[in-house]
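[1] Need the 3D shape of this:
(one chain, ligands or ions: 1)
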Amino acid sequence: DTVPAPDMDGVVAALNAALAEGAPGAMARYTGPDGVRSRTVGVRDLSTGAPMDIRARFRIGSVSKTFSAVVLLQLVEEGRLRLDDPVNRLLPGLLPDDRVTVRHLLTHRSGLADYTNAMFEHTVPGFEAVRNRVFSYQELVDLSLAEPRTTEPGVSYAYSNTNFVVVGMLIEKLTGRPVADAYERRIIKPLKLRGTSYVHPDTRIKGLHVRGHLHPDEAGAPLVDSTEQTVSWAQSAGAVLSTPADLNTFMSALMRGRLLSPAMLDAMTTVTPTDATGTRSYGLGLRRYELSCGERVFGHTGTVQGYYTYAFATRDGRRSLSALANTSNHGAANTALGRTLEAAFCGTGPA
Ligand SMILES: C[C@@H](NC(=O)[C@@H](C)NC(=O)CCCC[C@H](NC(=O)C[NH3+])C(=O)[O-])C(=O)O
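    Next up, the predicted model:
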């Protein structure tokens with residue numbers, strides 16, 4: 001069956017729209033049956049003017065949640081835990097409610113508050129306060145438990161980084177090793193993701209990389225270079241480093257069944273709507289976007305100080321797109337970047 005060719009002019013228009021909204025640079029890489037197409041605009045480093053580079057590494061933010069979900073679902077397949085196990089059975093005494101299950105974590109239906117809302121209420125001061133801090137998982141969970149729950153377990157969707165901090169705790173408890181080892185052994189090595197790593201709490205991005213430029217809350221204030229940080233406030237919820245090529249490899253390999261059994265992949269891609277229109281849904285550590293042409297793409301978005309990421313693939317894994325802009329705290333730039341999906345997968349330019 002023929003697939004629509006990507007509208008690369010539309011992709012470039014979306015990247016340029018992100019620049020027009022204040023991103024220093026942006027890039028996108030499309031992988032399809034007829035090969036790879038990459039586009040870069042602007043700079044990867046505002047101070048030197050070094051051009052954006054499709055090979056460069058960057059912080060993928062919550063796309064890390066899909067890496068963590070894959071590891072945990074592999075452990076489910078290996079019989080180490082069950083999706084409907086109460087978290088407290090595996091991590092005794094962690095949560096104040098025995099009804100919260102592993103599935104609730106992966107679907108953002110646990111009700112655990114997202115501590116980052118308070119942490120980053122004031123964007124730059126909040127970032128400066130944590131950029132060099134190292135948190136334990138327990139400290140992050142404690143921050144969440146200091147706030148009221150957002151829902152009874154399982155009742156409704158409420159996105160929360162806390163859920164994937166607890167996923168990281170489960171991975172470390174069940175494997176007896178840091179999550180970095182699980183990412184390496186179960187995903188990075190098998191898929192040969194040479195540009196992907198988990199270096200928490202190291203603040204550096206080694207090798208060719210994109211520098212992050214954070215928008216302050218005050219309109220017109222200069223961008224803040226946010227490249228070096230521990231990302232310890234996110235860890236298994238957001239601290240992976242990767243490249244456009246590796247993200248396309250990861251998402252398409254996931255959709256092709258290279259990481260999970262067909263049954264588990266079906267469970268992972270079984271979604272419930274997260275918006276009124278139903279065009280946006282969430283499965284197990286995975287977003288599903290329904291595009292204007294009817295194509296449904298699976299993947300994740302990412303927001304970490306100075307970096308916006310989209311990483312999506314078609315359900316058959318034959319087409320994938322990753323896109324990055326090196327700014328954040330600026331919704332219009334994120335929305336513009338997101339229009340690369342329509343252009344790439346529907347073959348239509350931005351509306
Ligand atoms: C939403 C996104 N989630 C993630 O990627 C996780 C890791 N990031 C966040 O929760 C945002 C933290 C604040 C960012 C900061 N914002 C502020 O500080 C706002 N005051 C910024 O924009 O850089 C996702 O799932 O796609």
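[2] residues from the stretch 101-250 of the chain in reach of the ligand?
    116, 120, 123, 126, 161, 214, 234, 237-238 (CB under 6 Å from any ligand atom). Placement of C-beta: from N, CA and C, glycine included.
[3] Can you flag which of these belong to strands?
    Here DSSP state E is the test, and these give Leu214 as lying in strands.
[4] now, among the residues of the stretch 101-250 of the chain next to the ligand, which is nearest to Asp45?
    Leu214 (14.2 Å; CB to CB).
[5] Around that closest one, how many other residues sit close by?
    22 (other CB atoms under 10 Å).
[6] so it touches Gln305, yeah?
    Yes: Leu214 is in contact with Gln305 according to CB atoms under 8 Å; the separation is 4.7 Å.
[7] first to last residue in stretch 45-57, what's the distance?
    12 Å (CA to CA, to the nearest Å).
[8] buried set for that stretch?
    For stretch 45-57, burial by neighbour count (16 or more other CB atoms under 10 Å) applies to 45-46, 52-54, 56-57.
[9] What's the mean pLDDT across it?
    Stretch 45-57 comes out with an average pLDDT of 98.
[10] swap in stretch 218-231?
    For stretch 218-231, the per-residue pLDDT averages 97.
[11] starting at the chain centroid, how far to it?
    19 Å (CA atoms, centre = their mean, to the nearest Å).
[12] can you check stretch 213-231 too?
    For stretch 213-231, the distance to the chain centre is 19 Å (CA atoms, centre = their mean).
[13] for the residue most central in space within the chain, what are its contacts?
    For the chain, Val63 is the residue whose C-alpha lies nearest the centre (CA atoms, centre = their mean; 1.7 Å). Residues counted as contacts of Val63 (CB atoms under 8 Å, 6 or more residues apart in numbering) are 240, 242, 247, 299-302, 309, 311.
[14] Which members of those are classed as buried?
    240, 242, 247, 299-302, 309, 311.
[15] JSON lines for the residues you listed, including secondary structure?
    Output for these, formatted as JSON lines (DSSP: H, G, I helix; E, B strand; the rest coil):
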{"residue": "Val240", "secondary structure": "coil"}
{"residue": "Ser242", "secondary structure": "strand"}
{"residue": "Leu247", "secondary structure": "helix"}
{"residue": "Gly299", "secondary structure": "strand"}
{"residue": "His300", "secondary structure": "strand"}
{"residue": "Thr301", "secondary structure": "strand"}
{"residue": "Gly302", "secondary structure": "strand"}
{"residue": "Thr309", "secondary structure": "strand"}
{"residue": "Ala311", "secondary structure": "strand"}
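[16] Among the residues you listed, which one lies nearest to the ligand?
    Closest to the ligand out of the buried ones among the contacts of Val63 is Thr301 (3.3 Å), distances taken as CB to the nearest ligand atom.
[17] Quick check, that closest one in contact with Ser62.
    Yes: Thr301 is in contact with Ser62 according to CB under 8 Å; the separation is 6.3 Å.
[18] still on that earlier bit, any idea how far the residue nearest to the centre of the chain is from Arg194?
    For Val63, the distance to Arg194 equals 17 Å [CB to CB, to the nearest Å].
[19] Okay, buried residues for stretch 120-133 please.
    120, 123-124, 126-127, 130-131.
[20] can I get the CA coordinates of it in PDB?
    C-alpha atoms of stretch 120-133 as PDB (Å, rounded to 0.1, in the frame of the first residue of the first chain):
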ATOM      1  CA  PHE A 120       8.700  25.400  38.200                       C
ATOM      2  CA  GLU A 121       5.900  27.800  39.000                       C
ATOM      3  CA  HIS A 122       8.500  30.600  38.500                       C
ATOM      4  CA  THR A 123      10.400  29.200  35.500                       C
ATOM      5  CA  VAL A 124      13.900  30.500  35.700                       C
ATOM      6  CA  PRO A 125      14.300  30.700  39.500                       C
ATOM      7  CA  GLY A 126      12.700  27.200  39.700                       C
ATOM      8  CA  PHE A 127      15.200  25.900  37.100                       C
ATOM      9  CA  GLU A 128      18.200  27.600  38.700                       C
ATOM     10  CA  ALA A 129      17.200  26.200  42.100                       C
ATOM     11  CA  VAL A 130      17.400  22.600  40.900                       C
ATOM     12  CA  ARG A 131      19.700  22.600  37.800                       C
ATOM     13  CA  ASN A 132      22.600  21.300  39.900                       C
ATOM     14  CA  ARG A 133      20.700  19.400  42.500                       C
END
